[in-house]
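A.B. asks: Below are the sequence and a predicted model for it; my questions follow.
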Amino acid sequence: MPESDSLLNRIDSPADLRRLAPAELPRLAAEIRRLLLEVISANGGHLSSNLGVVELTIALHYVFNTPEDKILWDVGHQSYVHKILTGRREQFRSLRCYGGCCGFQSRRESPFDDFGAGHAGTAISAAQGMATALDRQGVPGKAIAVVGDGALSCGISMEALNNAANGSGRLIVILNDNKMSISENIGSMRNYLNCLISGRVYNRLRTALRDFLHRALPGHKAYRCIQRFEEKLKSLILPGGVFDGLGFRYIGPIDGHSLPRLLHTLHGIKEYNQPLLIHVITRKGHGYIPAEQAPDKFHGVGPFDLATGRLRSNGKLTFSKAFGAALEALAARHDDVVGITAAMAGGTGMGGFAERFPKRFFDVGIAEEHAVVFAAGQACSGLRPVVAIYATFMQRALDCVYHDVCLQNLPVIFALDRAGIVEDGPTHHGIYDLSFFRTLPNLTILAPRDENELYAMLFWAYDWKAPVLIRYPRGGSGRDFRPLEPLPTPLENGRAEVVRAGEDGVIWALGAEVDRALRCAEILAEKYQLDCGVVNVRFLLPFDAARLKEQAARQAVFTLEDHRLVGGLASAVAETLLNEPHGMVEHFGWAAPAVGYGAAAALRREAGLIPEQLAERMAALLRQKR
């Protein structure tokens, strides 16, 4: 299509969108889908969820007066279309690039991003808060929370729904029902929504009888009869009227890919002054057949071939896959092993386990707190649960890990995937977890340098019979995976491993940073003629204080970690050496309070954390010491 004929190129704000005729909107939706596919196939990103909300996003900005009316996306990864329509069409091309477009709503990026979001379940609560603020300030506007059916099952969403009747009539919840979160949705809420979808009969019957009663009876009598009739009809046809019972006026279900139906419904409810829940049915991946057929595969995706849908993967083993293989092997050996995840079976590598041991696999949905307490209940009843959740999401369950697992010293194994920095930016970087978990009682924290150590650590954790947390990054080490071979140095509780000896200094490295530290040591030897050792920390809690004290008393110590410098390895070393004789100590990790967006290599380079930069800085420090 010539650029001059493009509708999308004429949209620099929602005000421009509203100048289009309704008949032009389907063509605009097609253009937006082409842009989504073009950018995400090149850069990676969240594809299927955004393809599913194209028409819904257009309709919301067409009908409502944004940013006076507030739109909150739960979770923020379904906000790409929103970004494209709110002045960031060209900026969107830098998605997942260093310094580029944020993959989620960010209040710093645009006045149309009313609330920052990266973790599920926050939108309804925040929208309630905004609605009551609009009431108090006496200014116009609605607060609209667009919530996926996966996010609706989150405990925070449930708390917000329970409180809606006490809030403002300006609240609108758009339930984007695509039957998916990351993995396929599970649980009672899914079943209830399926029943509501089948409730089209109820909606048609209600409309017909209301029209009849209005014609047959005087106004006030008709109103009272309609009220009584609706309550009786709901109890007969719908399973419980949950949303109406919570104080919402339920409307739906509506075809979320029909722009005429969406526009008609949204125009019709603009003047309502009560909490509304609009049930919209969408299809994740809509408009791109590979994503429609495999929406979980295209949820958060790397670059892929647009023509075929094939991912541009190097095919190498990842920590996630190694964890999955280890869990299957552990479960095959021990009947009491069970696996738990929170709506991310594929992402955590548990898909194979779920297929092989379906009765021992539990996906609890987007409910991390429940996952942990559920595991605690299993553990105190004789099972050995392994809970696999991304490091950034496990933060939500901190109190449950402390109160329900660690304080009771229950043998739950936590596998924290995606520890360290990732492409999705501040809301998803797993660089804060150690600050939380390193202080907890009875907890052992391990970090494998490669997939072989991860495999061995899972088996070690089973034998330890106490709370254990194993954290590892996204991607893989690139080393050969030989899980059945013994480690060069056996695992011993609280003991680090000397990987390379050195006289001028020693680098204490955590997890996958060990290989980066080894490369750094090689550069120091080759370029600067400095002899630097490397220690694989392995156990951050308990920590190998004896080895550190002995080394720090006679040589310089450096630390390297894929974590904030506060609360992780650097803090453990500083605390250990506080009242001990030692020489120079320098720490390398993430110093910024919030690391930005982009590929890991670009973020590391900007922070001075690639081996060449580290070696140069270490060499300068060691020469000063001399």
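C.D. replies: That came in fine, so what should we check first?

A.B. asks: Domain boundaries for the chain, per the record?
C.D. replies: Following automatic domain parsing, one finds the domains of the chain at 3-199+247-293, 200-237, 319-471, 497-625.

A.B. asks: Including distance to residue 311, could these go into TSV?
C.D. replies: Just so you know, the C-beta spots here come from the backbone N, C-alpha and C atoms, and that holds for glycine as well. Converted to TSV, the domains of the chain look like this (distance: least, C-beta to C-beta, whole Å):
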stretch	distance to residue 311
domain 3-199+247-293	9
domain 200-237	38
domain 319-471	13
domain 497-625	16
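
A.B. asks: Please identify the most buried of these.
C.D. replies: Per residue and on average, the most neighbours among those fall to domain 319-471, with a mean of 22 (mean count of other C-beta atoms under 10 Å).

A.B. asks: got a pLDDT number for the closest residue to residue 496 other than its chain neighbours?
C.D. replies: Of all residues not flanking residue 496 in the chain, residue 544 sits nearest, at 4.0 Å (C-beta to C-beta, 6 or more residues apart in numbering). With respect to pLDDT, residue 544 scores 98.

A.B. asks: One more: residue 189?
C.D. replies: With respect to pLDDT, residue 189 scores 48.

A.B. asks: residues in contact with the closest residue to residue 429 other than its chain neighbours?
C.D. replies: Setting aside the residues directly before and after it, residue 429 is nearest to residue 421 in space (C-beta to C-beta, 6+ apart), at 5.0 Å. Residues near residue 421 by C-beta atoms under 8 Å, 6 or more residues apart in numbering: 429, 430, 431, 562, 590, 595, 600, 603, 604.

A.B. asks: Could you do residue 564 as well?
C.D. replies: 431, 432, 434, 435, 589, 590, 591.

A.B. asks: Ramachandran angles for it?
C.D. replies: phi -60, psi 150 (degrees, to the nearest 10).

A.B. asks: got a pLDDT number for it?
C.D. replies: 95.

A.B. asks: Residue 432 versus that one, what's the distance?
C.D. replies: 6 Å (C-beta to C-beta, to the nearest Å).

A.B. asks: Could you pull out the helices in the stretch 451-600 of the chain for me?
C.D. replies: Assigned helices in the stretch 451-600 of the chain, in chain order: 451-464, 513-528, 545-552, 569-577, 600-607 (criterion: DSSP state H, counting those that start in this stretch).

A.B. asks: my read: the residue nearest to residue 496 touches residue 493, true?
C.D. replies: No. Using C-beta atoms under 8 Å, residue 544 is not in contact with residue 493, being 10.0 Å away.

A.B. asks: three-state assignment of residue 174?
C.D. replies: Secondary structure, DSSP: H, G, I helix; E, B strand; the rest coil: residue 174 is strand.

A.B. asks: lowest average confidence, helix or strand, in this protein?
C.D. replies: helix 188-197 (a mean of 47; mean pLDDT, DSSP states H and E).

A.B. asks: Check which helices and strands the helix or strand hosting residue 55 is in contact with.
C.D. replies: According to DSSP states H and E, residue 55 maps onto helix 54-63. With contacts taken as 3 or more C-beta pairs under 8 Å, 6 or more residues apart in numbering; DSSP states H and E, helix 54-63 sits against helix 14-17, helix 25-43, helix 80-85, strand 143-148, strand 171-177, helix 259-269.

A.B. asks: can you list these in a markdown table and add mean pLDDT and distance to residue 362?
C.D. replies: Shown next, in a markdown table, are these (pLDDT from 0 to 100; distance: least, C-beta to C-beta, whole Å):
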| stretch | mean pLDDT | distance to residue 362 |
| --- | --- | --- |
| helix 14-17 | 96 | 43 |
| helix 25-43 | 94 | 31 |
| helix 80-85 | 95 | 32 |
| strand 143-148 | 93 | 21 |
| strand 171-177 | 93 | 23 |
| helix 259-269 | 95 | 36 |
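
A.B. asks: As TSV, these with distance to residue 102 would be great.
C.D. replies: Compiled in TSV, these are given as follows (distance: least, C-beta to C-beta, whole Å):
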stretch	distance to residue 102
helix 14-17	19
helix 25-43	13
helix 80-85	8
strand 143-148	17
strand 171-177	20
helix 259-269	26
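
A.B. asks: Residue 365 is nearest to which of the ones you listed?
C.D. replies: Ranking the helices and strands packed on helix 54-63 by proximity to residue 365 (C-beta to C-beta) places strand 143-148 first, at 11.3 Å.

A.B. asks: What helices and strands are in contact with that closest one?
C.D. replies: Strand 143-148 is packed against helix 54-63, strand 70-74, helix 123-137, strand 171-177, with contacts defined by 3+ C-beta pairs under 8 Å, 6+ apart.

A.B. asks: if you set the cut-off to 10 Å instead, what comes out?
C.D. replies: Identification of packing neighbours for strand 143-148 by 3 or more C-beta pairs under 10 Å, 6 or more residues apart in numbering; DSSP states H and E yields helix 54-63, strand 70-74, helix 123-137, helix 155-163, strand 171-177, strand 276-281.

A.B. asks: C-alpha coordinates for the longest one, CSV please?
C.D. replies: The C-alpha atoms that make up helix 123-137 are tabulated as CSV, following Å, rounded to 0.1, in the frame of the first residue of the first chain:
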residue,chain,number,x,y,z
ALA,A,123,-5.5,-2.8,36.8
ILE,A,124,-8.9,-3.1,38.5
SER,A,125,-7.5,-1.9,41.8
ALA,A,126,-5.7,1.0,40.2
ALA,A,127,-8.7,1.9,38.1
GLN,A,128,-10.9,2.0,41.2
GLY,A,129,-8.4,4.3,42.8
MET,A,130,-8.4,6.6,39.7
ALA,A,131,-12.2,6.6,39.6
THR,A,132,-12.6,7.7,43.2
ALA,A,133,-9.9,10.4,42.6
LEU,A,134,-12.0,11.7,39.6
ASP,A,135,-15.0,11.7,41.8
ARG,A,136,-13.2,13.7,44.6
GLN,A,137,-11.7,16.2,42.1
